[in-house]
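Enquirer: the sequence isn't on hand, but the structure is:
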Ligand code: NAP
């Protein structure tokens, strides 16, 4: 006899890169008896239905969440408060509410206060992504070998956390449970700062004179090309990340500023030792990242990265 699905009814609110990848995983693994999808635009809903990503689709998030065992919010975080208000009256007793947002403290500040006491909130963040958006961009292997971090509040219902964990394990993700504030600090340095730097460098290049700009694009085979890929990430999502993880990002930016000033001084003074020592230390970090299997291929710098190397 076939194994019963992990959830009878799963509602996905938002069906872009992450939501549609999750839908594909749930279909492949038979994790949901029924998948209901809700999204903001008719066009995306129509496309999700055409792609066969759900059993049912509706523009009304409340209607979609009615009687669901698991509701996963897969929209930009700026929409959480409104979505929470809208779905709250439709959530059944014991339902699990989760999300995939890239910053976790805001879930407790904007979404949690809208939800009724009879639901279990288990926030999550798949640290996996690409620079592409929308339901066509998703694929079921997106989460394979990548971390998903769950940040339930202290005292959260164990069996709800276990069920969400099981979902991500079936997506072939590695799962870690962490405090939301700690998650936001870690991600500020590993993901948010690098994105800000990429946005800055590519922005600086766009402001160069016409001739120089042409050559930057023509000869972008080195590190710059990787920055352009990161800087092509979704503007709405990244606006929300910087607005919601403001303090942790400003904290690491302060440290970055100090280190940059030190390197600037070393260059100005011709202090090769400082530069060499710094670059030797960072080289060791790179080895640690490869050893921890956090990069698909230990490729030389400037090489084209794999399809899932935008770990947002
Ligand atoms: P996406 O491909 O752009 O899809 C976003 C989905 O949310 C679409 O269905 C969109 O609907 C819907 N949506 C957008 N604004 C909305 C609003 N104001 N109200 C209701 N629905 C709205 O985005 P994504 O890359 O899947 O990202 C979704 C979430 O995953 C974000 O919170 C992000 O932080 C997180 N995340 C992303 C990545 C990544 O690499 N992309 C990685 C990890 C986590 P319409 O198309 O109908 O407008």
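Expert: Thanks, I have the structure now. Keep in mind the model is a prediction, meaning the values are calculated, not measured.

Enquirer: now do the buried residues in the helix ranked longest in the chain.
Expert: Longest helix in the chain, counting residues (DSSP state H): helix 246-269. For helix 246-269, the neighbour count (16 or more other CB atoms under 10 Å) marks 248, 249, 252, 253, 266 as buried. C-beta coordinates here come from the backbone N, C-alpha and C atoms, glycine included.

Enquirer: contacts for the worst-scoring helix or strand of the chain on mean pLDDT?
Expert: Least confident helix or strand of the chain, by mean pLDDT, DSSP states H and E, is helix 210-218 with a mean of 79. For helix 210-218, contacts defined as CB atoms under 8 Å, 6 or more residues apart in numbering pick out 205, 206, 208, 224.

Enquirer: swap in 10 Å and give it another go.
Expert: 202, 204, 205, 206, 207, 208, 224, 225, 228 (CB atoms under 10 Å, 6 or more residues apart in numbering).

Enquirer: show the subsequent helix or strand relative to it.
Expert: helix 223-230 (DSSP states H and E).

Enquirer: any idea of the angle that following helix forms with helix 210-218?
Expert: 80 degrees (axes from the mean of the first three to the mean of the last three CA atoms, to 10 degrees).

Enquirer: in the helix or strand following helix 223-230, what counts as buried?
Expert: Using DSSP H and E, the helix or strand that follows helix 223-230 towards the C-terminus is helix 235-244. Residues of helix 235-244 classed as buried: 237, 238, 240, 241, 242, 244 (neighbour count, 16+ other CB under 10 Å).

Enquirer: can you narrow these down to the ones near the ligand?
Expert: Filtering the buried residues of helix 235-244 for proximity to the ligand by CB under 6 Å from any ligand atom leaves residue 237.

Enquirer: A strand includes residue 123, no?
Expert: Yes. Using DSSP: H, G, I helix; E, B strand; the rest coil, the assignment for residue 123 is a strand.

Enquirer: would you agree it is in contact with residue 115?
Expert: No. Using CB atoms under 10 Å, residue 123 is not in contact with residue 115, being 11.5 Å away.
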